[in-house]
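Chemist: Sequence and computational prediction follow.
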Amino acid sequence: MIWAWTLCLVLGAEATTPHPTDPVPPALQILLEEQPTLLPHHQGYLKELARLPELAASETAWWQATRRPGLGNLENQFEEAIGTSSEVQSPFDRFYDQIVQNPGLRDVVENLLRTELDKAKDDPAVAQAVQYLRAHPDEAMRFLEHPSRLRPLPEPLRAAYDTFVENPEWSAALRTSLGEVLEKPEAYQAILPWWEELDKLAQATGDSESLPTELYRHPRELWLWHLRNINLARNQEARPWIRYWNRLIHRDPLLAEQYGPFVNQLLREPEQLRQHLANLQDRQAQEAETWPPKMSPPTLPPLDMSHSVAGMQQTIGRPDIPSPGQPKRPSMTMPKRPTPPAFPAFPSPGKSNGTRKRALPAFPAFPEMSQPEIKKPAQNKSN
């Protein structure tokens, strides 16, 4: 009987034990309270990670890698640069879409990347040079056969010229690897256009510090970034919205610092993830649409890339949703004031005024009396 009573107490205690607290980072909690319309993006992103283990693995690894300030800041700049222009974003997407669809093309592209890393990982000037060569394949084939054949020498190749001259075997391997890419017809539709846009970005910024150059210095992080984009390309419907949500997060430095570790913690603790999603579902509107939405993400206002990343992130980007504007005040036509009645004119002397209350009596004109005709006396004819 005592054991039975003890067992009932234990079971009752387990039944009444509260669920583990939901450790939502303060910055995320503030964001979702101020902008409840962003809650479906956070919830949808977590559901995609729970549904796709490969995507979750690459996202987790990349969140952890971007904890390093040097890499995280450059990645933010890169995402802002391509996210505000469809002319840059579209070639980037086609590049990874084609790599996912064509394993043979992926093999030769990655083989070229490995060959470049042999020397580029140790010298930023070489990293910029190989990026220029990929964007200009005709010049590259002549230069890699013998550097002296290309004249005048483009600026990106001058600083790394000695490296190519002193390493002919590496230059020959680089030429072979690039030639294998150029043998693929798909390369001219999806690979070379992105490399050209990437070189334009480098020329426009004119800064040696860029995401591609930084990734060449750290090959492990380069492959993490590459694999993450491959997994995003496998989920084309959610890809633009995942990028949109990530750009929003990285525009707030405090949120960017807290969000990645929070997501990694949820993925390590499935029960905590389940509880957090249940809490989000309770806050979700009943008529909420499925995520990702069918439409394209709203356009975020561009950031001033001439300022530091920390300064750019001080203002969190908000969705650029067209506003109906303030209602116009209805125009009212004021009625005209009635014209006051004119005072009656005073009668002029000698004339009667019929509007007077007491009119003077009008006396009749006296008749003219006829005068009797006086006859003259008759004259005597005899006189």
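Modeler: Sure, I can see it.
Chemist: Now do the host helix or strand of A127, average pLDDT.
Modeler: Per DSSP states H and E: A127 is located in helix 124-135. Averaging pLDDT along helix 124-135 yields 95.
Chemist: ok, then the element right after it?
Modeler: Per DSSP H and E, the first helix or strand lying C-terminal to helix 124-135 is helix 137-145.
Chemist: which of the residues in the following helix or strand past that following helix are buried?
Modeler: Downstream of helix 137-145, the next assigned helix or strand under DSSP H and E is helix 155-158. Using 16 or more other CB atoms under 10 Å as the test for burial, helix 155-158 gives P156, L157. In short, each C-beta sits where N, CA and C put it, glycine included.
Chemist: Identify the residues contacting whatever helix or strand comes next after helix 155-158?
Modeler: As assigned by DSSP H and E, the chain's next helix or strand after helix 155-158 is helix 161-166. With CB atoms under 8 Å, 6 or more residues apart in numbering as the test, helix 161-166 has contacts from K119, D123, A125, V126, A129, F143, L144, P147, L153, L157, W170, S171.
Chemist: just how off-centre is the helix holding A127 within its chain?
Modeler: In terms of CA atoms, centre = their mean, to the nearest Å, the centre of helix 124-135 is found 30 Å from the chain centre.
Chemist: Summarise which helices and strands it is packed against.
Modeler: Here helix 124-135 touches helix 103-120, helix 137-145, helix 155-158, helix 161-166, helix 168-182, helix 192-205, helix 211-217, going by 3 or more CB pairs under 8 Å, 6 or more residues apart in numbering; DSSP states H and E.
Chemist: Can I get these in TSV including distance to L227?
Modeler: Shown next, in TSV, are the helices and strands packed on helix 124-135 (distance: least, CB to CB, whole Å):
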stretch	distance to L227
helix 103-120	11
helix 137-145	25
helix 155-158	27
helix 161-166	28
helix 168-182	19
helix 192-205	17
helix 211-217	12
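Chemist: ranking those by burial, who's on top?
Modeler: Comparing the helices and strands packed on helix 124-135 by mean neighbour count (mean count of other CB atoms under 10 Å), helix 211-217 ranks first with a mean of 21.
Chemist: just checking, what packs against that one?
Modeler: With contacts taken as 3+ CB pairs under 8 Å, 6+ apart, helix 211-217 sits against helix 69-83, helix 103-120, helix 124-135, helix 219-233.
Chemist: So, low pLDDT: which residues of this protein?
Modeler: The chain contains residues with pLDDT under 70 at 1-22, 206-208, 286-288, 304-383.
Chemist: on that earlier part again, any idea which of the helices and strands packed on helix 211-217 is most buried?
Modeler: Of all the helices and strands packed on helix 211-217, helix 124-135 has the most neighbours on average by mean count of other CB under 10 Å, namely a mean of 22.
Chemist: Does the residue nearest the centre of the chain fall in a helix, a strand, or a coil region?
Modeler: In the chain, the residue lying closest to the centroid (CA atoms, centre = their mean) is L300, at 2.1 Å. With DSSP: H, G, I helix; E, B strand; the rest coil as the basis, L300 sits in coil.
Chemist: isn't it right next to R247, touching?
Modeler: Yes - the criterion here is CB atoms under 8 Å, and L300 meets it with R247 at 6.2 Å.
Chemist: tell me the phi and psi of V24?
Modeler: The phi/psi pair for V24 (degrees, to the nearest 10) reads phi -70, psi 130.
Chemist: Against R283, how distant is it?
Modeler: Distance, V24 to R283, using CB to CB, to the nearest Å: 11 Å.
Chemist: quick one: which of these two has more around it?
Modeler: A side-by-side neighbour count of V24 and R283, using other CB atoms under 10 Å, places V24 first with 16 against 11.
Chemist: what sits against the more buried one?
Modeler: By CB under 8 Å, 6+ apart, V24 lies in contact with F262, H276.
Chemist: and what of G70?
Modeler: Shown in contact with G70 (CB under 8 Å, 6+ apart): E214.
Chemist: switch to numbering from 10
Modeler: Renumbered: residue one is now 10, and that last one reads G79.
Chemist: Name the nearest residue to L162, sequence neighbours excluded.
Modeler: Sequence neighbours aside, Y170 is the residue nearest to L162 in space, at 6.9 Å (criterion: CB to CB, 6 or more residues apart in numbering).
Chemist: Tell me the spacing between the one you found and P156.
Modeler: For Y170 relative to P156 (CB to CB), the value is 6 Å.
Chemist: Return the set of buried residues in the host helix or strand of A66.
Modeler: Using DSSP H and E, A66 sits in helix 62-74. Residues L64, A65, S67, E68, T69, A70, W71, W72, A74 are the ones in helix 62-74 that count as buried (16+ other CB under 10 Å).
Chemist: I'd like to know which elements that helix is packed against.
Modeler: If you count contacts as 3+ CB pairs under 8 Å, 6+ apart, helix 62-74 packs onto helix 48-60, helix 228-242, helix 262-277.
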